[in-house]
Structure formats: C-alpha cells, structure tokens
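In: what follows is a predicted protein model with its sequence.
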Amino acid sequence: MEKSAQASGVHYPHASGWARILHALLIFLLLTSLGVIFLAQYEARQVVSETENRRLAAWPALTQESLLDGSFARGIESYVADHFPLREHFTQIASFVRANRGLTLDGRVVQVKGGDTGFEDINNWAKPQTEAEQDQSPKEVGADTEIALVTPGLDRESNASPELLERAEGATGTEKSDALSAQETPPQVEAVSQPTTTEVASARESAPSNVTTQAAPQPKPEPKPKAVEPVPSVAIPTPPAASSNKPLNVVGGVLLHEGQALFMFGGTDKAAQGYANAVNTWVDQVAKPNNMQSVSVVVTPTSSHFYLPAAARARTTSEARNLEAMKSALNPEVRFADVIAEMQDHTSEPMFFKSDHHWTGLGAYYAYRAWAQVMGLTPLELSAFDKRSVAGVAGSFWSLTQAPELRQADKVSDYYVPTTVTVKSTQYVGPEQKTPAPHEFFAEKSRGYIVFLGGDVPLLVGTTNAGTGRTALVVKNSYGNAFAPYLLPHFDKVVVVDYRYVFRNIQDIVKTFGVTDLVFVNATITANSGAHQERMRQVARGTSTAWQTEAEKRRIRQEEAAAAAAKSNSAPSE
Amino acid sequence: MVFSSLVFLYLFLPCSLILYYFFGSKFRHGVGADGTTDPGAPTEAQNYILIAVSLFFYAWGEPIWVSLLVLTAVVDWLAALWMERTRGTNGPKLALALSLVSNLSLLGVFKYSDFVVENVNTSFAASFNLPGYALPIGISFYVFQTLSYSIDVYRGDVRAQRRFTDFLLYVSLFPQLVAGPIVRYVHVAAEIRGRRHSWDLFSRGLHRVCVGLFKKVFIANVAGEWAERTMGGDLSTLSTGDAWLGLAMFALQIYFDFSAYSDMAIGLGMMFGFHFHENFNYPYISKSVTEFWRRWHISLSTFFRDYVYIPLGGRARWPYRNLFIVWALTGFWHGPSWNFMLWGLYFGVWIAIERLFLSSLLARLPGLFGHLYLLLIVTLGWALFYFTDLQQLQQFSMILFGMTDAPLFGEQTFTDIQAHALWLPLALIACTPVAPWMSSYVVRLNVVRSLISWRPVAILAVDLMLLLSCTALLVGQSYNPFLYFRF
C-alpha cells in the first residue's frame, strides 16, 4: 500500500501526532486486555459449553513428547480458542459474518463444522469424563426418589428369541477390519475407508496403502422407489468425496426451512454397512460369548427424512435407503427396528427438535414402539407414561447457525416417565468407572434435551421391579438418552453405556450386571460416521488401553511380552 | 506460531511489545560505530528481548529445529567474518563455498531428500527407504536470508556483522522468520542498531497488521474452503464450471494468504522499528507475466535475479538458458515436486515468449487484453502449482478444457456463487489497489484537506472493526495455518 502511494508521488500531510498515538494505544490496549482477561479467567474456566453442547478443549498435558513434537503448542492454541473471553459474542459475530457472505435466501444451507463426524465432534471424546467434570454435570434429585408404585400386568415376550449360540455358521463376513490397529487417540474419520464388503472394496480404485484413501469415487446409488417414504427418492449423486485429508461429509450442511433446521444428509451405503459391521463385531465379541438372548438395533432417521423440501432432497442421499443398507448388512439374528414405519404416521407431531439435532421424547417413543415390534413385545401406550415437561432451549443447530428463527423454536421438551415400574438408578464413576454415584434417568431441573439422562453419562444402571429376568445393555450415543427410559418397564436392569465415554471393560460390565439383551441406539447421521463405528468396535474388542482397567492393561502387557518372547525364539518372519 | 491465531495476537504479541518497550530508553543504549550512544536508538536490552521472543516464537512451532536456525546463523556469521579477515587471498572464496555448501545442503537434506530418493527409486527401479525428514518451518526462507548475507559480504556490498547477537537478531527476527519477505541483510543492517521507534511507525504497523489479518481470515480462508471443496474433492464428479471457479478461488487464496502474511510481517516489523521492503504490489492488476513477477513475491524474484540470473550472465550471455535455469529453480524452491518445477518453467516459457514478441504486441493493444491474458495464464499456472500428483493434474486440466464428459455446471455451482455473492466482489476489489487510489484521491480534494488529521481516527475505527471481526472468526476455529507454511 505504501509503495503505491510513494510511487505516485503523493505526500501525506503530517497526520497529527495524537491521533496516531490514540490509534496505536487503543488497539494495543484491546489486544492486551483480552489477553489479560483470558489469563485471569484460567481458574474459572468452563469445561462444557452448554450452547455448543460439547466439551471445550482442556489444557494439554505437558510431557517431553508433547513439547517436542509440537502437540503441546497446538493444544494451547485450541484451548485459547475454546476459552477466549466473550466467546459467545464472538461466535455470534462470526455466524453473522458467515451467514451474510452472500444473498440470504430462504432455505439457505449452512455449512457446519463437524458435519464430517456426524455432528458429534470426536475430538471431544478424547478422554473419559473425569470426576471433576462429572461433578459439574447437573445435579439431580436425590437417588432415593422412586418414580411410581403401580405395577399393572406386564406382557412378557411371546416368541422365544433365537438362541444365538446355536448358530454354527458365521456372520455374513462383513468384518474385515482387524487390520486396523488399535489406536490410543480417537480415530480420525479415515476409518470409513475400511473395506467392509467385497463388492464395495472392488468399487474403490487401487489407492495407495495409506489410510486416507478418499480418492476413491463413491458408487452412485441408483434410484429405488421406497414405499415407506412420503417423498420419492430420486437418483442422488453422492456429495463429493473428500480430499486426502478430509473425511467424507456425512452431513453436507444444515438447511433452514420453515423455522426448522434440517440436515442435508450425505451418508452412503458403504457407511451404513460400516455401522452394521460394528454391530456385528459386538455380536461376535460380546453377545455370543455371553449367551445373550437378543440383539436389537434402533437407528432413527433425522427430521430431514420427513420434512426436507423436495428441491433440497435432490442434494441429499436417502436415509431410508441408508437404513435398508444397514439392515441388510447385519447378521441375520440381529433385529432391526423399522423406526420410519412407526414415525411416518405421526409427522405432524413434534418428534424432533427444531433447533437441536436430537429427537424429542415423543420421537423416541415411536422408536420404542418400533423396537418393541421386532422384539415381539407389546409396547406400552403413551398414556401409561407420566408426561412431564421442562423448558426448551436453543439447541445445537442454533449454536451452529445462529439463525434467529431457531432461537425460540423449541419452547418445551416433553418427557415421558414410566409409571409401571419403580426405578433406582446409579451411574459409575471413578478411575475404573466402578464407583457408584446417584443419578437419575431424568434430570428434571435441566432444559431441552439434557432432561434425558442429564446429559451423556458413560455408565448408568437403572434397576427396576419389572420382574422379567432380563437385563438390557443399551449401547448408545446421545440419541439413546431419550430412548433408554422406555426400556425400563421391560427389564429388571437397564445398563446404559455411552460408547464414546465408557472405558470400563465391556466384558466386565456384561458379567457384572448379567446382561441378557443388547440394544443399539443411534441415528443415521452418527451411525454413518466412521469414527463412531470404530469407537464402537474398540469398545467391543476392548482393544484400546483407554478402555481397560489397570488390571487389564497389566495382563495385556504380560501377554504381549510373552508373545514377543515366543516370537523371537521362532524363526523371524520378514 | 501462526500470525492469524489468538495465541499470537492476544498473548504473544502484547507480551513481546510490553517487554520490548518497557526496556526502552531508561536502559542502556546500543553503542554506535563511533562509540557514542544514541538515545533514540534501541537499547541493548531491547535487541536481546527481540532475539529471545523471536526464538521463542520459532520454538513454539519447532521446539527442536530452533537449534538448526541458530546453527545456520553461526556458520554464516563465522564465514562472513573469515571473508573479511582474509580479503585478498583465497579465503573469501573458501568461506563462501563453505557457506553455500552448508546452507544448500541443509535445505537439500531437509526439503528435497525424499524427492531425490523417490526419483532415484523410480528411475533405477530401486527401493531405497525415504529418509523422511520433517521439514523445519521457514527453512527455505532463513537459509536464503543467510545466503544473501554471505554473498553480499563476499561481493563487498556490506560489512560483515561483528557481533553475533546482532546477526542473530537479523536471522531470527520473528516477523519475517517463518514465511515473511526474504529480507536481505544489507537492507536492515543499519536498522539493527540505528532504527528509530515512533508512534507514527508503530501505528502504521498496527494498521498493516490489521489489514493483513483481514485478508487472511476474511478472504484467504473463505477462498481456501471453496477451492478445497472443488479441487480437493472428487475430480471424477467435478463439473467444468466448478473446476474453473475452484481454480480461481485457489488463485485468490494463495494471493491473499501469502500477501497477508507479508503484510503482517511488514506491519510487525514496523511495530519494532524495522522497515522491510514490500513483497507484493497488487500482482493481479498486471498486464503481462513479466510485470506479474515484478509484483509477486518480490523478495524471491529479486533474490534469484541478483544471486543466480546476473551471476550466470543475465541478459548478456546465454539469456534464455539463464532464464530457464532461474525459473526452474524458482519453481522448485516452492516445493519438492516436479509440478512445482513445471510451474516455474511454465512462467519461464511465457516470459521468453513475451521477450520475443508478445510484449511489443501487447503494448499496441488496449491494456485490457494484456490484463485478461495475464489473468488466464496465471490462473492456469495455479493448477500446476496445486496438484503434486501429475495424473490428477492431467485429469483436472481435461475437465477445465471440457475434454471430459463432465457437465458444465454442478448442482452446487450456483448455490456457491449465491452464498458468496457479497464476499466475491469484496475479494476481487481487494486485489486492486483501491485503498491507495481512494486515499490519494481524497488527499487531492482540497476540501477535505482539513480533515486529513482525522484520518488516523477513521483508520482506528476500521482497524477495530477488522480486528474484532477477525477475532470472532478465529474463535471456535482452532486450526488455521498459512498456506506457505510448508516452506
């Protein structure tokens, strides 16, 4: 800038000194004061951002390694970004700027960060929730509060569930990813490139052997008319696959339409099969060895399946098709709930939040009905539950898009409390997640979606007086929070495990609580995420040391040492 | 550490400034060559502080390789001293050779060794292991800086720096260390001890920093996202329109990214009293490739001109051979890959063509033709720059020229354009020197003359707005590296 001015021979008259001093001082003061405020706030830092519904970056661990390889410095940068003073205001300004870069049209699509990991940032699962953090989760009513005393006649299941152990033949061979080594750090979404079925593998180009093989073109889904869908699905090209460093965008953005935020779904058949693959791993590693009586899968579509306008639908992939692909890749004995069938008659009811990516208590209820159908159980009617409400909150979609129409879009959050059983519930905390602490299934002092389970609890066990002799293990992410309470009338114990945060050995959990039934709860967007799938597999296998107790780690180290010793005695291979 | 990060802006920079200016005039001043102290000059303490914060800045990103930086400085400082000591003998030649060998081999090993081994493997069907050295940040820059020093001392253009700390200050100065202009020692030699601090300079530097930050966060990052979506995505589904748009966005990204860094570097230098030379002068308004390279990455092209082209004979002897050598090297400096060398040679070809007949032809046509010609050539050149995989490059080029069955426009093309309908004109206008034009126009209006003294206040308002909105965009976006960081 200066050069051009000098080159043209223009000489600025001497600007008065005080104005320059003012300029220099004010900006310098701005820089300094925000820095000082940031440092001063160190003690009072937030751990969880309510508005963004995620854990904020923690101060990185200072080790020689992290210092030398630069990860400590990078960790500090994330920390500063996440804990910057006036963060809420700055993010509002940022959203305003982003939203106003172009013409605002109704039905605008907002690109959201985190769309690649199915909207639930895996970087926030890096460490299991510590006790300190758990103390900050909302405190519920006392643990001894019982829910109800009435016990009407309860329908037991009429069909005998297939004995999983009798099945001699193996699964449909979808699990091929043992090549993936166990990782300490949260896996990046590159894991989605793992071959699942042979047909899919052949569709990929022969790419270099590094894990980030995103150059492979995704197969185009052919148009398949679906009887269940209210809108016919058209030939939908998949969204562009990512470059070598970026994962596939399961969510291609968020559409704002008629006061509601809807995902632009971009999941593929292959991703759906990846989820089925993860469930099958659980069947092999957890259900079969422990002689479980049933394995059921509940995957809900998102609101966009029902409410997305036709024009936008052309830029998305079909969730119904995605669920079909998932179902067909599951082991035959796994029961897959047809959630769409139950929900599609109730689209005028509030099944999903408008400003949050989760479903409501009502939406979870219809999924419960779908689940009960495949389990051969009779679902309780909605009237058998005690309907209560808490205030709604401007949810995750609002945080991300800052769209004004979403701010007050959810006025209430209804939840349905089982009345037919009494429940005592406990969560398990501590370094090995074995220390019981009181916790309720409904956080009645919270708002919005947090009312369900009070947020994401790694390990929660509800004991009822249902008297069915069955214990359910619910393997879920945040979507399971609204669903889990509906299982309480049907099981003696409902063990709720959040696969993202649990690190207690799963076999230990199964044996300790005598689990007889596995229930998987997920949503299409997260089920399609390679990161979620890989985490589920890790929990099933107990392959990451993060999931193991100290005793387990010692045992594994001993085993590995023994194996290494044995190997070095035999002839060296390669 | 990246200039466009919150840690840098709100923690590192205020601390450095406070430390630096606190140890100002109350403390001991530097002693000039004539033995007197100059109260306006920086103090000893200030220079030491500047070295310390610069090394800290570098170590933040490269905790280990900061040692390499210091080593390079030591070697060249000693070499230059030896040159001066042994003037008139073969000493200077040996010292220069030592300096050249050590600098270039460092660069070669850390930056190009993988490339060499790969090519040996493919040529001879061997399978040597790749050494896999991690590239220390900024090595391409500081190696060239110290090289320029040794060569200038050898030629007698500048006296060798006797004090190591002063020389280290030059090498490690954090504004230009990592991706800043290649600052020649001869340009800042006097300012190491003799620079003057002033509110005016500080304020102008701050303004420059705010402008650079804006260019980076507002324009370069947005253009980069767009470019990455198209060029970094699945080429088999890319439409021709999207390909051109993506390429244009990459052209914008790389210009704004790099020139923003240079702006911030120059601004930061000013805040500490240094005057660096301009590195970019609105290259996209050029009317020929020759002019473009006088406006783009000026410090690099002048480096190659002064230290490679002219010693080889310049225009006098073997002009075209020299031209192609220089352009091959310029391209190759940008990255250890054949496409970069091709990119350099591509420009070499066009400059040769212009020399032969095109310049005189363009001079006779209206300026618009030259301008459009330049934009086309440069934009196509960026495709060469982007794709390190030559196969992908070929695929992309075919899409560009409609030689595949890719559609003309994709589904997202118009949505993307609409979504950036306000940003796009801003980015395009920012490529032109509209701000100086307006400033000089305003100055010429006599009516407004009396208001000129309010100009800094207006600039203050603008800077505050830029700073706050850039900060807003940076908050919640924790990974934001400059493109040229791989150098």
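Out: Structure received.
In: remind me, longest helix of the chain?
Out: Just going to use chain A. Ranked by number of residues, the top helix in chain A under DSSP state H is helix A:17-40.
In: looking at chain B here, not the other one
Out: Max-length helix for chain B by DSSP H is helix B:240-271.
In: how far out from the middle of the chain is that helix?
Out: 10 Å (CA atoms, centre = their mean, to the nearest Å).
In: what does stretch B:111-124 give?
Out: That offset, for stretch B:111-124, works out to 27 Å (CA atoms, centre = their mean).
In: now stretch B:261-277
Out: 12 Å.
In: same thing with stretch B:314-325?
Out: On CA atoms, centre = their mean, the centre of stretch B:314-325 falls 25 Å from that of its chain.
In: which of the residues in the helix or strand following the longest helix of chain B are buried?
Out: Once the chain leaves helix B:240-271, the next helix or strand it forms, by DSSP states H and E, is helix B:289-295. Neighbour counts over helix B:289-295 (16 or more other CB atoms under 10 Å in any protein chain shown) mark B:289-293, B:295 as buried. Heads up, the C-betas are built off the backbone N, CA and C, glycines and all.
In: can I get these in TSV with pLDDT and distance to A:Met351?
Out: Below are the buried residues of helix B:289-295 laid out as TSV (pLDDT from 0 to 100; distance: CB to CB, whole Å):
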residue	pLDDT	distance to A:Met351
B:Val289	93	61
B:Thr290	92	66
B:Glu291	93	63
B:Phe292	95	59
B:Trp293	95	61
B:Arg295	95	59
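In: out of those, which comes closest to B:Asn121?
Out: Nearest to B:Asn121 among the buried residues of helix B:289-295, counting by CB to CB, is B:Trp293 at 34.1 Å.
In: so what pLDDT did the residue lying closest to the closest one once chain neighbours are set aside get?
Out: In space, and not counting its chain neighbours, B:Trp293 is closest to B:Ser301: 5.1 Å by CB to CB, 6 or more residues apart in numbering or on different chains. You'll see B:Ser301 listed with a pLDDT of 93.
In: confirm B:Ser301 sits in a helix?
Out: Yes - looking at B:Ser301 with DSSP: H, G, I helix; E, B strand; the rest coil, it is inside a helix.
In: follow-up on the earlier one: quick one: the longest helix of chain B to helix A:17-40, angle?
Out: Between helix B:240-271 and helix A:17-40, the angle comes out at 110 degrees (axes from the mean of the first three to the mean of the last three CA atoms, to 10 degrees).
In: so which elements touch helix B:240-271?
Out: helix B:174-177, helix B:199-214, helix B:221-231, helix B:367-386, helix B:390-400, helix B:411-419, helix B:423-430 (3 or more CB pairs under 8 Å, 6 or more residues apart in numbering or on different chains; DSSP states H and E).
In: mind putting the ones you listed in JSON lines, mean neighbour count and mean pLDDT included?
Out: Shown next, in JSON lines, are those (neighbours: other CB atoms under 10 Å in any protein chain shown; pLDDT from 0 to 100):
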{"stretch": "helix B:174-177", "mean neighbour count": "26", "mean pLDDT": "92"}
{"stretch": "helix B:199-214", "mean neighbour count": "23", "mean pLDDT": "92"}
{"stretch": "helix B:221-231", "mean neighbour count": "22", "mean pLDDT": "86"}
{"stretch": "helix B:367-386", "mean neighbour count": "18", "mean pLDDT": "93"}
{"stretch": "helix B:390-400", "mean neighbour count": "16", "mean pLDDT": "90"}
{"stretch": "helix B:411-419", "mean neighbour count": "17", "mean pLDDT": "76"}
{"stretch": "helix B:423-430", "mean neighbour count": "16", "mean pLDDT": "92"}
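In: export these to CSV and tack on distance to chain A?
Out: Shown next, in CSV, are those (distance: least, CB to the nearest CB, whole Å):
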stretch, distance to chain A
helix B:174-177, 15
helix B:199-214, 4
helix B:221-231, 6
helix B:367-386, 11
helix B:390-400, 8
helix B:411-419, 4
helix B:423-430, 4
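In: compare those and give me the one nearest A:Trp18.
Out: helix B:199-214 (9.0 Å).
In: quick one: the closest one to helix B:240-271, angle?
Out: Going by the same axes, to 10 degrees, helix B:199-214 makes 160 degrees with helix B:240-271.
In: run through who's touching the longest helix of chain A.
Out: A:80, A:83-86, B:9-11, B:13-15, B:17-18, B:199-200, B:202-203, B:206-207, B:210, B:453-457, B:459-460, B:463-464, B:467, B:471 (CB atoms under 8 Å, 6 or more residues apart in numbering or on different chains).
In: what average pLDDT does that helix get?
Out: 87.
In: before we move on, what about stretch B:144-159?
Out: Per-residue scores along stretch B:144-159 average to 92.
In: and for stretch A:313-330?
Out: Mean predicted lDDT for stretch A:313-330 stands at 89.
In: and it, what's buried?
Out: A:313, A:315-327, A:329-330.
In: over to stretch B:271-282?
Out: Across stretch B:271-282, burial judged by 16+ other CB under 10 Å covers B:271-274, B:276-282.
In: do stretch A:281-299 as well
Out: Buried residues in stretch A:281-299, counted by 16+ other CB under 10 Å: A:281-288, A:290, A:292-299.
In: pLDDT below threshold where in the stretch 51-200 of chain A?
Out: Low-confidence segments of the stretch 51-200 of chain A (pLDDT under 70): A:51-56, A:103-200.
In: which residues of it lie near chain B?
Out: A:57, A:67-70, A:73, A:76-78, A:80-82, A:84, A:87, A:89-94, A:97-98, A:100-103, A:105, A:108-109, A:113 (CB under 8 Å from any CB of the partner chain).
In: which SS class is the residue lying closest to B:His334 once chain neighbours are set aside?
Out: Among residues not flanking B:His334 along the chain, B:Phe340 sits closest, at 4.6 Å (CB to CB, 6+ apart). Under the three-state scheme (three-state DSSP), B:Phe340 adopts helix.
In: measure B:Phe340 to chain A for me?
Out: According to CB to the nearest CB, to the nearest Å, B:Phe340 and chain A sit 18 Å apart.
In: ok, that residue - contacts?
Out: B:331-334, B:385, B:388.
In: run through the residues that contact A:Ser355.
Out: Residues in contact with A:Ser355 (CB under 8 Å, 6+ apart) are A:261, A:394-398, A:406-407, A:409-410.
In: if you set the cut-off to 10 Å instead, what comes out?
Out: A:259-261, A:392-401, A:403, A:405-410, A:448 (CB atoms under 10 Å, 6 or more residues apart in numbering or on different chains).
In: please state the offset of stretch B:100-117 from the chain centre?
Out: So, by CA atoms, centre = their mean, the centroid of stretch B:100-117 is 20 Å from its chain's centroid.
In: mean confidence score for it?
Out: Per-residue scores along stretch B:100-117 average to 91.
In: can you give me the end-to-end span of it?
Out: By CA to CA, to the nearest Å, the extent of stretch B:100-117 from end to end equals 22 Å.
In: my guess is B:Glu62 meets B:Ile137, correct?
Out: Yes - counting by CB atoms under 10 Å, B:Ile137 is a contact partner of B:Glu62 at 5.4 Å.
In: between the helices and strands packed on helix B:240-271, which gets nearest to B:Trp350?
Out: For those, the distance to B:Trp350 is smallest for helix B:367-386, at 5.8 Å, taking CB to CB.
In: got the angle between that closest one and helix B:221-231?
Out: Angle, helix B:367-386 to helix B:221-231, by the same axes, to 10 degrees: 70 degrees.
In: quick revisit: give the buried residues for the longest helix of chain B.
Out: Residues of helix B:240-271 classed as buried by neighbour count (16+ other CB under 10 Å): B:240-243, B:245-271.
In: which SS class is B:Leu107?
Out: Going by three-state DSSP: B:Leu107 is helix.
In: which residue, other than its chain neighbours, is closest to it?
Out: Nearest residue to B:Leu107, sequence neighbours excluded (CB to CB, 6+ apart): B:Val143, at 4.8 Å.
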